[in-house]
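**Student:** using only what follows, build the 3D model:
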Amino acid sequence: MAAEKAIRALRALGLDAESHAAELAGSMSRSGVYGVRIDGRDAVLKVTNADEEQHTARRELAFYETLAEQVPVRTPRLLRHVDNDEFTALVLSAHTPPPPARTWDRPTWIEVARQLAALHSIPPPEGDPWIHKPWLRQVVEHPPLRVAEKYWSRTDAADHLGDILDAPLGQALGALPDCFIHGDCHADNLLRDNNEIIWIDWQSAGIGSPAMDLAFLWGRAHSDSADPPRPEMLHEYATRRGVDADLLHRSLIAAELGTLLFGWPEYAHYHPRHERDRTTGRLIELIKTWTTVINRLK
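**Tutor:** Coordinates of the predicted model:
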């Protein structure tokens, strides 16, 4: 039997409230995500209550209503929706989950870099849904230093924290102009339709640093035991967009550092010990790279 949240949304959508609505695993948002059958085909129902970051669900709805047909990447189709003072519900076309990031081949990673470059090249949209300040920009401007220090001081990165906690990551993050970004770019949000990539979860879309999407993609992939071909992806992206590769590299280091330093501690407990250790190793590597790259670009 579907959860009460799903039943309520199905009724508001004019659909059979007794139809099967199986909650889907893997979502880190506060929305309820369910697999449903609509008009004889599989679909995905996303329901966000008024007290559950409804503004992000409305941003995603605005994306599907105004931008989905304009962006140069494939997205799910918006089949039905309802938006009221109690909740926002979207019914989207269903697609095949992606294979684990650690199994992706080089051409797949390069293709994602190419598609990101195309997405970041569209004219930035105007209007209220897109002017929110992305999470990473907020934390590098006002970093939660105590949270970061409390977590990382208990890891092998402890001896390296003095080299990075006060670093000007925000300045490096802004080395390239802002653009339209996905905002939650990671392997689990890149579904499949045969051999094509389907980009989902647009709740965090908006204007931000182009490095944020690539860095978050790499950071999540690394913690999941994947090794993306970073130099090749950087080259592909920089070439496609016609941006300075050194400045992009600088922004990417800052973005990945900010994501790990200030974002990872909140989610580390979801990951097994070997993934936490792997992420700590990546942070130490990034801190050392930061010193080298920043000194070279001064």
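**Student:** for the chain, longest strand please?
**Tutor:** In the chain, taking DSSP state E as the definition, the longest strand is strand 41-49.
**Student:** need the helices for the stretch 151-298 of the chain, in chain order.
**Tutor:** Assigned helices in the stretch 151-298 of the chain, in chain order: 169-173, 211-223, 230-241, 245-258, 264-267, 273-297 (criterion: DSSP state H, counting those that start in this stretch).
**Student:** returning to what we had before: ok, then the element right after the longest strand of the chain?
**Tutor:** helix 54-66 (DSSP states H and E).
**Student:** now the element after that next one, going C-ward?
**Tutor:** Per DSSP H and E, helix 54-66 leads on to strand 78-83 as the next helix or strand towards the C-terminus.
**Student:** that following strand pairs with which strands?
**Tutor:** Next to strand 78-83 in the sheet, as set by DSSP bridges, lie strand 87-93 (antiparallel).
**Student:** if we ignore the residues flanking it in sequence, what's nearest Leu145?
**Tutor:** Nearest in space to Leu145, with sequence neighbours left out and distances taken as CB to CB, 6 or more residues apart in numbering, is Leu165 at 5.8 Å. All C-beta spots, glycine's among them, are computed from the backbone N, C-alpha and C.
**Student:** just give me the neighbour total for the one you found.
**Tutor:** When neighbours are defined as other CB atoms under 10 Å, Leu165 has 16 of them.
**Student:** pretty sure it sits against Leu261.
**Tutor:** Yes. Contact between Leu165 and Leu261 holds when scored by CB atoms under 8 Å: they sit 7.4 Å apart.
**Student:** now the common contact residues for the two.
**Tutor:** 143, 148 (CB atoms under 8 Å, 6 or more residues apart in numbering).
**Student:** now do the contacts for the residue nearest to Leu145.
**Tutor:** Applying CB under 8 Å, 6+ apart, the residues contacting Leu165 are 143, 145, 148-149, 261.
**Student:** please report which of the residues you listed has the highest neighbour count.
**Tutor:** Neighbour counts for the contacts of Leu165 were taken using other CB under 10 Å; the highest belongs to Leu261, with 28 neighbours.
**Student:** who are the contact partners of that one?
**Tutor:** 143, 148, 152, 164-165, 283.
**Student:** report the lowest-confidence entry in the residues you listed.
**Tutor:** Summarising pLDDT for those: the lowest-scoring member is Leu165, with 89.
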